[in-house]
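A.B. asks: Give me a 3D structure for the following:
(chains A and B)
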Amino acid sequence: MNAPVNHSASSGNGTQGRATLLWLQSGGCGGCSMSLLNAELPHLFDALALAGIELLWHPSLSEESADEFMALIERIRSGAQRLDILCLEGSVMLGPEGTGRFHLLPDGRPMMELIRELAQLARHVVAVGTCAAYGGVTAAGGNVAEACGLQYDGAQPGGLLGADFRGRGGLPVVNISGCPVHPDWVLDALALLAADEMAQQRDLDELARPRAYTDHLVHHGCPRNEYYEFKASAEAFGQQGCMMENLGCLGTQARADCNIRPWNGGGSCLKGGYACINCTAPEFEEPRHAFLETPKVAGIPVGLPTDMPKAWFVALASLAKAATPERLKRNAVAESVEMPPGAAQRRRAGSEGGGR
Amino acid sequence: MNVGVRRLEIGPINRVEGDVSVQLDIAEGVVREARVKAPLFRGFELMLKGRDARDALVLTPRICGICSVAQSMAAAEALRSAMGLRMSANGRHVANLLLACENVADHLSHFYLFFMPDLARGAYAGRPWHAAMCERFKAQAGSAAADFLPVRAQWMHITGLLAGKWPHTLAIQPGGSTRPLKRPELMRLERLIVVFREFLEKVLFADSLENVGSIDSLDALLRWARAHEQADFARFVLVAEELGMAGVGGAQAAFMSFGAYPQPLPDGVVDADVSTNADDAGDAGTVPPAFLFCRGVVDAGVREKLDTSTIMEDASAAWMQANASQHPLHGDTTPLADMEQKPDAYTWCKAPRLRGRVAEVGALARQVVAGHPLALDLLRHNGGRGSVLARVVMRLLEVALILPAMQRWVRAIEPEQPFCAHGKMPAQAQGEGLVEAARGSLGHWLVVRDGKVARYQIIAPTTWNFSPRDGNGLPGALEQALVGVHVDADAPASTPMLQHIIRSFDPCMVCTVH
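C.D. replies: You can find the predicted model right below:
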């Protein structure tokens, strides 16, 4: 197994001792925590220790339950316990009718009040997952839950804490969006925050997400790039072609490094054979069409790459389609490679040599 | 409340998925009544209304990050049944491998991360085994977590390969899986299973899976544990026995299983031909076994067929608009805006009943229905009811039974055959998707009108186990299981056995209410 890490070691993070972290969950599925447990080399507990982070409490991982948890909250409120990093997983629940009673604490108080109070006390506030950042899936449909993010309501700044909120360390809420998050997105961001080395202008994008992963598009490193280049499209799931034209794939617009940074040892949505649904974006939960089908106008997919003139895209696409090799046309609608690269050359070579 | 009765609220209980608290009425140091409160409502059933039915594949897995594949499979099954589609054999094997991967990971996460840390609590200081439990199982700091986390993460590489990622995959579709596999990938898959098996056979069991799977009585289990004291499973068994966990935490409930790991249909056989119920399980000569662990119900020792038309949800104790019992194909889940309208309600969870009865679901129920001799013997030791020990033991025993089955499924995949069948959703349709998640029976019920979702209702495993009282005042399984527990006079909320009982169900609260 791994070499043991000294969990009590102090790191040079510029503050006294280790950075304390409190993790709360509200209107979500817990999947970001589950994804965090997929962290490898090192595993989650070692990764936190090596980042100089002391986990004060996490709903799935800590011994303290019930009264012991409430006592910890009191110590933070009273100032007896310093709070460096507050992580929220799951949406803030404002409903019904703004009362917050869709998520109650055992003492009858709405969870949203506790989140608001602790956010004022924390040096850094982190939204883990698209729910906590923007509302996410919990806000889908008519948003019966009145779910919102910590500092955004969908794409609109505001949310629970308001657009002007800054943590005591001076940063806005750090939005590690994703449904779920990749464990490294979280661990890298927490390590920077624990060391007070995250700067808004340099390290966060226009929606306060870490640029470490949103400087990329899901399209980067997509194993179906060649099919995309020649517009050789899959018509149904399980086939190998590009999924943008028919199957709802938003990888050319989605901001994340999923096809560069492996998930679960080597996967990604695209590698798993299904479309990117742009889960790091605010309001991804409401695409205004079926998730798994590309809406089209006059046969042309709407929602083309954002920073490319539409006419050029259409012109290039029709050129590419005219030039599509037979190999890609056939493989795009097959479950496995029917015509490997080189097959055409081999065939030609075979016929020139008179065959066998 | 009677004189001398003290009411206590314990929560939030952590090391469960999601939020739960319990309200206890205590008299003379004994729990007299318990009420289970699910404090979070999100409204998935409402958000699905009016959408393209396939959107359920995106949204319902996001009900739960720990049962995500199970939700995905239930949605795919509901769609598949509404479409009248047949899943490809390869797709069926891949879906089963994914569900088994998640279920096994959940069983072990429950054991190592959620349940065992309570045995290292200060309340047990002074017990001869306490120091050893602290060294091994203390939350975060114990040596077991450091052993388990890397092994678990590597185990989840199965999902990276078969489903792109975990949680929240779209790889399971109504007709199969989106990720066709090549032969070398099948070998990689088998290697991942074998490596994990080595951890189980060295660290968790210190014995072969076959030996563990064939333990057939509590006596045999205790003998086995004494002979394998270094195994994590044995450490639990011996301490649990000493703490009396074989005799606490039972509920008067029918044990129910929807049938786990459905097998591909042979050529020419349609769904309706297949023998799916427990009482037909011995008939394997004429009909193919439909499941690895069969479908059915066992009530007071009597086997019966599962009839899902007798499932009704009652909302008398829930902050929901409707009260009357409804089958999920006719049900509704609309929250009250003003909770004061229903002063006797105490939870967001509805009360599902099987022909009026409380049902207990989970690994214990699955193995009772499947007729595993150890499960049946463990019930005998608690008057026909479940127990803390029985639930934890059968969860791990199930792991020993599933791994060899996974190896068989990998070998049954034929890479040259299709992985995904395709079909269209009719404009008018209804479907039922029944799955055994780690925590028990999960059902999705779908009604499609004019091509859109007109109704989508979900009953999750913990909805059964942590059900509130129904309209007849009948308490749910956990509410019964807590009654009669002796609590510490000074600090009743800190009584460890209360926490053991609650966690023995491995509750998933985000699924419960959704």
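
A.B. asks: Are we agreed that residue B:353 is in a strand?
C.D. replies: Yes. Secondary structure assignment places residue B:353 in a strand (DSSP: H, G, I helix; E, B strand; the rest coil).

A.B. asks: got the contact list for residue A:237?
C.D. replies: A:247, A:273, A:274, A:292, B:173, B:178, B:420, B:422 (Cβ atoms under 8 Å, 6 or more residues apart in numbering or on different chains). In this view, the C-beta of every residue, glycine as well, is placed from N, C-alpha and C.

A.B. asks: What about the residue lying closest to the last one once chain neighbours are set aside, how many residues nearby?
C.D. replies: Which is residue B:422. The shortest distance from residue B:422 to any non-neighbouring residue, by Cβ to Cβ, 6 or more residues apart in numbering or on different chains, is to residue A:236 (5.0 Å). Counted with other Cβ atoms under 10 Å in any protein chain shown, residues neighbouring residue A:236 total 17.

A.B. asks: Look up which helix or strand the closest residue to residue A:226 other than its chain neighbours falls in, please.
C.D. replies: Here the nearest residue to residue A:226 in space, its sequence neighbours aside, is residue A:328; by Cβ to Cβ, 6+ apart that works out to 6.5 Å. Assigned by DSSP states H and E, residue A:328 belongs to helix A:326-332.

A.B. asks: hmm, who's touching that helix?
C.D. replies: A:226-227, A:230, A:232-234, A:239-242, A:337-341, A:343-344.

A.B. asks: for it, which positions count as buried?
C.D. replies: A:327, A:328, A:329, A:330, A:331, A:332 (16 or more other Cβ atoms under 10 Å in any protein chain shown).

A.B. asks: Quick check: which ranges of the chain have low pLDDT?
C.D. replies: Because you didn't say which chain, this covers chain A. A:1-16, A:350-356 (pLDDT under 70).

A.B. asks: my question was about chain B
C.D. replies: By pLDDT under 70, the low-scoring segments of chain B are B:1, B:270-288.

A.B. asks: longest helix in it, by residue count?
C.D. replies: helix B:388-412 (DSSP state H).

A.B. asks: Residue B:38 and residue B:493, how far apart?
C.D. replies: As defined by Cβ to Cβ, to the nearest Å, residue B:38 lies at a distance of 19 Å from residue B:493.

A.B. asks: who's more crowded, the two?
C.D. replies: Legend: neighbour count by other Cβ under 10 Å for residue B:38 and residue B:493, higher for residue B:38 (26 against 18).

A.B. asks: Now that one: closest residue in space that isn't a chain neighbour?
C.D. replies: Sequence neighbours aside, residue B:349 is the residue nearest to residue B:38 in space, at 4.1 Å (criterion: Cβ to Cβ, 6+ apart).

A.B. asks: What of residue A:188?
C.D. replies: Nearest residue to residue A:188, sequence neighbours excluded (Cβ to Cβ, 6+ apart): residue A:212, at 5.7 Å.

A.B. asks: still on that earlier bit, secondary structure element for the residue nearest to residue B:422?
C.D. replies: Counting by DSSP H and E, residue A:236 is part of no helix or strand.

A.B. asks: what does residue B:99 give?
C.D. replies: Per DSSP H and E: helix B:89-109 holds residue B:99.

A.B. asks: what about that helix, near chain A?
C.D. replies: Yes. Applying Cβ under 8 Å from any Cβ of the partner chain, one finds helix B:89-109 touching chain A at residue B:109.

A.B. asks: Output the contacting helices and strands for that helix.
C.D. replies: When contacts are defined as 3 or more Cβ pairs under 8 Å, 6 or more residues apart in numbering or on different chains; DSSP states H and E, helix B:89-109 sits against helix B:68-83, helix B:143-155, helix B:157-163, strand B:172-173, strand B:176-177, strand B:260-262, helix B:388-412, strand B:429-437.

A.B. asks: ok, 7 Å please
C.D. replies: If you count contacts as 3 or more Cβ pairs under 7 Å, 6 or more residues apart in numbering or on different chains; DSSP states H and E, helix B:89-109 packs onto helix B:68-83, helix B:143-155, helix B:157-163, strand B:176-177, strand B:260-262, helix B:388-412.

A.B. asks: thought residue B:296 was touching residue B:307?
C.D. replies: No. Counting by Cβ atoms under 7 Å, residue B:296 does not reach residue B:307; the two are 10.3 Å apart.

A.B. asks: more neighbours, those two?
C.D. replies: residue B:296 (27 against 11).

A.B. asks: what's next to the helix or strand containing the more buried one, contact-wise?
C.D. replies: Using DSSP H and E, residue B:296 sits in strand B:296-299. Strand B:296-299 has contacts (Cβ atoms under 7 Å, 6 or more residues apart in numbering or on different chains) with B:254-257, B:277-279, B:303-306, B:354, B:357, B:368-369.

A.B. asks: Tell me the first helix or strand C-terminal of that strand.
C.D. replies: Counting by DSSP H and E, what follows strand B:296-299 is strand B:302-304.

A.B. asks: which parts of that following strand are buried?
C.D. replies: Of the residues in strand B:302-304, those buried (16+ other Cβ under 10 Å) are B:303, B:304.

A.B. asks: now for that strand, which elements pack on it?
C.D. replies: strand B:296-299.

A.B. asks: follow-up on the earlier one: pairing partners for the strand holding residue B:296, with directions?
C.D. replies: Strand B:296-299 pairs in its sheet with strand B:254-257 (antiparallel), strand B:302-304 (antiparallel), by DSSP bridges.

A.B. asks: what about the ones you listed, which gets the closest to residue B:135?
C.D. replies: The closest of those to residue B:135 is strand B:254-257. By Cβ to Cβ, the value is 36.2 Å.

A.B. asks: Okay, residue B:290 and chain A: tell me how far apart.
C.D. replies: According to Cβ to the nearest Cβ, to the nearest Å, residue B:290 stands 25 Å off from chain A.
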